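In: got a predicted model here, sequence first, then my questions.
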Amino acid sequence: MSRGSTSARYERLHPDGPRPRRHLRDHRGGTTSAILTTDRGWPPLAALFAGALLAVVAATLVGYPTLRLRGHYLAMATLALGLISYVLSVQLEGLTRGFTGISGIPPLGIGALVMTTPRAYFVLVWLLVAAAAGSAWLIVHSRLGLSLRAIRGGEDAARALGIDVTRYKVQALAISAAYASVAGSIFGHFVSYISPEAFGLYMVVLLFTMLFVGGIGTTLGPVVGALVIGSLPEVLSGFKDYRELIYAAVLIVILLFAPRGVLGLVARRPAARPGT
């Protein structure tokens, strides 16, 4: 659930950005943390921060050339980078174990304090969700947030106002990369296993559905979407073979009839009648 919330923050900051790369940042951070803890003997917390740092650096290096593109060119570049990242994670078996994945990832902890129960991770997840939502609110109301809103309104107009469009978009991408990397690392430490398949097409559809169900452009929208979609496996336990189809159908319905999501419907108020 937290992964849907935290990795949604790039859409929160810049809805027109290259969204499909989000699940790859999840994988990059989780894989880095897994390699450092299992092969190098790093403490899990240090490995988690190292994964986040690597994700930020990678997002910055990739962001500057790709975020200068627009429209279909940006979409194609994003798709190409995603395929390259996936192929590398599969082919570099000496590091990532390929399709076999990395197992035996130790749980998170500091010294003798180790998180070994689902309840402990549940508390950690919600603390991180609160921290992510709070930091997103601060960013939105900062100079970065104001610049991103101007860019969303029109890149050419933003440039005319003296805003460095590419720099601010890369900053937003780097911030979201850090969020997503931490989420992916926590996922790996929780299940003690990670592989490229864990962040495939199914996860992309799932995260998109969470975003649009809750409402893009809001701080709490991704959280609401994660709660709604996260509860569906229990409701649809008898339809496991059709989960992806159901998620895709929900996404299409939301896009057609409630493009602003659940929070958008709640925020909508009927117009006041004359004389009332």
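Out: Okay, I see it. Residues are numbered from 1 along each chain as shown.
In: any idea how many residues pack against residue 85?
Out: The criterion is other Cβ atoms under 10 Å. On that basis, residue 85 has 20 neighbouring residues. Quick note: C-beta positions are derived from backbone N, CA and C, even for glycine.
In: what's the following helix or strand after the host helix or strand of it?
Out: For residue 85, the element it lies in under DSSP states H and E is helix 71-91. Once helix 71-91 ends, the next helix or strand along the chain (criterion: DSSP H and E) is helix 93-96.
In: export that next one as CSV, just CAs?
Out: Output for helix 93-96, consisting of C-alpha atoms alone and laid out as CSV, is shown next (Å, rounded to 0.1, in the frame of the first residue of the first chain):
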residue,chain,number,x,y,z
GLU,A,93,23.1,-12.2,-13.1
GLY,A,94,26.3,-11.8,-11.2
LEU,A,95,24.7,-8.9,-9.3
THR,A,96,20.9,-9.3,-9.6
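In: what is the rounded mean pLDDT of the helix or strand just after that helix?
Out: Taking DSSP H and E as the definition, the helix or strand that follows helix 93-96 towards the C-terminus is strand 102-103. Mean pLDDT, computed over strand 102-103, is 89.
In: residues making contact with strand 102-103?
Out: Surrounding strand 102-103, the residues in contact under the criterion Cβ atoms under 8 Å, 6 or more residues apart in numbering are 31, 34-35, 38, 96, 188, 192-195.
In: quick revisit: so what does the helix holding residue 85 touch, helix or strand wise?
Out: With contacts defined as 3 or more Cβ pairs under 8 Å, 6 or more residues apart in numbering; DSSP states H and E, the packing partners of helix 71-91 are helix 22-38, helix 44-66.
In: what's the neighbour count on residue 209?
Out: Neighbouring residues of residue 209 were enumerated by other Cβ under 10 Å; the total is 25.
In: sec struct for it, please.
Out: Applying DSSP: H, G, I helix; E, B strand; the rest coil to residue 209 yields a three-state assignment of helix.
In: likewise for residue 259?
Out: When the rule is three-state DSSP, residue 259 gets the label coil.
In: ok, now how distant is it from residue 252?
Out: Here the criterion is Cβ to Cβ, to the nearest Å. By it, residue 259 lies 11 Å from residue 252.
In: cool, and residue 178?
Out: Residue 178 sits 31 Å away from residue 252, going by Cβ to Cβ.
In: quick one: which of those two has more around it?
Out: Neighbours were tallied for residue 178 and for residue 252 using other Cβ under 10 Å; the higher tally belongs to residue 178 (21 against 12).
In: buried set for the strand or helix carrying residue 125?
Out: Following DSSP H and E, the helix or strand that holds residue 125 is helix 118-140. Buried positions in helix 118-140, judged by neighbour count with 16 or more other Cβ atoms under 10 Å: 120-121, 124-125, 128-129, 132-133, 136, 139-140.
In: fine, thanks again, bye for now.
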